[in-house]
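Trainee: Output the structure for:
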Amino acid sequence: MDLYAAGLVHTPREIGAFDERARAIIDRFRVPVVFAGFAGPTGGGYGETSGGSGIWIGHGPPVVQAGANPGEFVVVDLPDGDRTAPASATALT
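Mentor: From the prediction side, this is the model:
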């Protein structure tokens, strides 16, 4: 496996769960983690969501993380053969 990617829906007060889950996955699989955090109301019981899409490469904070607004996203460029040091990281709206 080269990358772990998942879509998540959390309330704003649960945003810390992204870091916890990312670190556990990195510990187990030794791969970068990408979470797409839903932003905006879902109509399915979540009137407010956390957003927070992000990319984790190591045990620190995310390399880049979007805010809580719909339409925000993140981009990371990883050099060939090196999944530990991003060449660039950008949060866009």
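
Trainee: all contacts plus neighbour counts: C-alpha atoms, from now on.
Mentor: Noted.

Trainee: How about the contacts made by R13?
Mentor: By Cα atoms under 8 Å, 6 or more residues apart in numbering, R13 lies in contact with S50.

Trainee: Am I right that it is in a strand?
Mentor: No - counting by DSSP: H, G, I helix; E, B strand; the rest coil, one finds R13 to be helix, located in no strand.

Trainee: Relative to P70, how far out is the residue lying closest to I57 once chain neighbours are set aside?
Mentor: Closest residue to I57 apart from its sequence neighbours, by Cα to Cα, 6 or more residues apart in numbering: P32 at 4.5 Å. P32 sits 24 Å away from P70 when distances are taken as Cα to Cα, to the nearest Å.

Trainee: I'd assumed F18 was in a helix, is it?
Mentor: Yes - assessed with three-state DSSP, F18 lies in a helix.

Trainee: in a helix, that's where A22 is, yeah?
Mentor: Yes - assigned with three-state DSSP, A22 falls within a helix.
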